[in-house]
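1. Here is the input, now give the coordinates:
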Amino acid sequence: MENLLEKLKKAKKASSSLALLNTKVKNEALAKIAEGIEKNQEKILEENEKDIKKGQEKGLSKSLLDRILLNEKRLKDIVRSIDDIIRLPDPVGEIISLQKRPNGMLVGQMRVPIGVIALIYEARPNVTVDGAILSIKTGNAIVLRGSSDALYSNIILAQVMRSALKETKVLEDAIQVIESPEHSVVEELLQMREYIDVAIPRGSTNFINYIMEKAKVPVIETGAGNNHIYVDEDADFDMARKIIFNAKVQRPSVCNAIEKVLVHKTIADKFIPLVVEDLKKVGVEIRGCERVCSIVKDAKLATEEDWYTEYLDLIIGIKVVDSLEDAIEHINKYNTKHSEGIITESYEKALIFLREVDAAAVYVNASTRFTDGGEFGLGAEIGISTQKLHARGPMGLKELTTTKYIVFGEGQIRE
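-> From the prediction side, this is the model:
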């Protein structure tokens, strides 16, 4: 097995070559990857089954097993996302903000690849493909380090993609996978400023914090989703129930699911029993403030820690608030800056919520489950940035480029 340094050197070399390739060549490589995944579907699912069995023996939760799971539908979705990326414009080489200065010089910016991206992630083997295809389209090499819980799946997907690249002008070394499950390898990777231009972690709050603490390379903070829906006093109850059920239950193990519901005090007695009835039908555990516990007799009293917690499971926290302002204050204190929503018929309150809530995506009368690169028209995402620099929200093609200034002159000199 190659050591980490050898892999990084190859990735660095491949990035220099990849940055010079045109869109047609890169799209041809992506098409070969899609073809390879389709041809090797059976082998991929066999390796994924090994991860599922290993996870079951290890006692992983149903929600975590769901994040690891691949099936025919999910592989089709992966292939479809590759087709979407192929159709999207290539941002590399785009010239933006070209302006003529008083001295006649033209000054602008050009989008260019970042270089080598280290993607460090938990579970979800589809991220292996998303990260690779987005990187190739934007002229970046990628170093993939998934969790041990999806090791077999990540290895086979990387092998299939690298093998597909052998038939193209994109060097297979543009995709590197780190197979070692040792934490020491991650820590070593995060020190490699000479080879890694940016690290992108995807996983739990604790995992992301660990990466941020250990890294000497630049890091884009992503992913953790302690998300809220606030139901205002003039909300449409049927709409609110439908949105909350979808945002919590459709896929509770992902970062854009909601973890908390805030309800205005004037509708609490009427609305909370309705939404709790919906959620209990599918086994959602209710944790609430004292007011909620007085309405829902079998609800567990929420602790201070609960309000900070991203459950990623069929558990939800519900709190009664006095006003829109109280809801916004609570959200901005406890959220992870991911996705927040309000259910209201008031245009004025919606605008206040949009303006004052601090998050990467803020919704009015819609499920937070839409915070996703594919759903936002980006084709796929390498992560959802919850910080404010250099990107925020789902990170697609443009977010995987940086810029350099370009200047056109006719012999001008500075006096």
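
2. Show me what counts as buried in stretch 355-368.
-> Neighbour counts over stretch 355-368 (16 or more other Cβ atoms under 10 Å) mark 357, 359-363, 367-368 as buried. Just so you know, the C-beta spots here come from the backbone N, C-alpha and C atoms, and that holds for glycine as well.

3. and if you look at stretch 282-296?
-> Result for stretch 282-296 [16+ other Cβ under 10 Å]: buried residues 284, 286-289, 291-293, 295-296.

4. now stretch 39-55
-> 40-41, 44-45, 47-48, 51-52, 54-55.

5. picking up where we left off before, please narrow the buried residues of stretch 282-296 to those residing in helices.
-> 291-293, 295 (DSSP state H).

6. Closest one of those residues to Y405?
-> Of all these, Y405 sits closest to V292, with 54.8 Å by Cβ to Cβ.

7. Just list the residues touching the residue lying closest to D77 once chain neighbours are set aside, thanks.
-> Nearest non-adjacent residue to D77, counting by Cβ to Cβ, 6 or more residues apart in numbering: N126, 7.7 Å away. N126 makes contact with 70, 74, 77-78, according to Cβ atoms under 8 Å, 6 or more residues apart in numbering.

8. Pull out the buried residues from these.
-> Buried members of those, scored by 16+ other Cβ under 10 Å, are 70, 78.

9. now the contacts of N126 in CSV, with distance to I136?
-> Below are those laid out as CSV (distance: Cβ to Cβ, whole Å):
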residue, distance to I136
L70, 21
R74, 21
D77, 19
I78, 14
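
10. Which two of the contacts of N126 have the greatest separation?
-> L70 and D77 (10.0 Å).

11. Just give me the closest of the buried residues of stretch 39-55 to D173.
-> Closest to D173, out of all of the buried residues of stretch 39-55 and judged by Cβ to Cβ, is N40, at 20.1 Å.

12. correct me, but the closest one touches A164?
-> No. Shown here, N40 and A164 do not form a contact pair, counting by Cβ atoms under 8 Å, at 9.3 Å.

13. Redo the buried residues of stretch 282-296 as JSON lines? Include distance to E2.
-> Converted to JSON lines, the buried residues of stretch 282-296 look like this (distance: Cβ to Cβ, whole Å):
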{"residue": "V284", "distance to E2": "46"}
{"residue": "I286", "distance to E2": "50"}
{"residue": "R287", "distance to E2": "47"}
{"residue": "G288", "distance to E2": "52"}
{"residue": "C289", "distance to E2": "54"}
{"residue": "R291", "distance to E2": "59"}
{"residue": "V292", "distance to E2": "55"}
{"residue": "C293", "distance to E2": "56"}
{"residue": "I295", "distance to E2": "59"}
{"residue": "V296", "distance to E2": "56"}
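
14. on that earlier part again, columns secondary structure and distance to I316 on top of the buried residues of stretch 39-55, output as CSV?
-> CSV is the format used below for those (DSSP: H, G, I helix; E, B strand; the rest coil; distance: Cβ to Cβ, whole Å):
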residue, secondary structure, distance to I316
N40, coil, 39
Q41, helix, 36
I44, helix, 34
L45, helix, 32
E47, helix, 34
N48, helix, 29
D51, helix, 28
I52, helix, 26
K54, helix, 29
G55, helix, 24
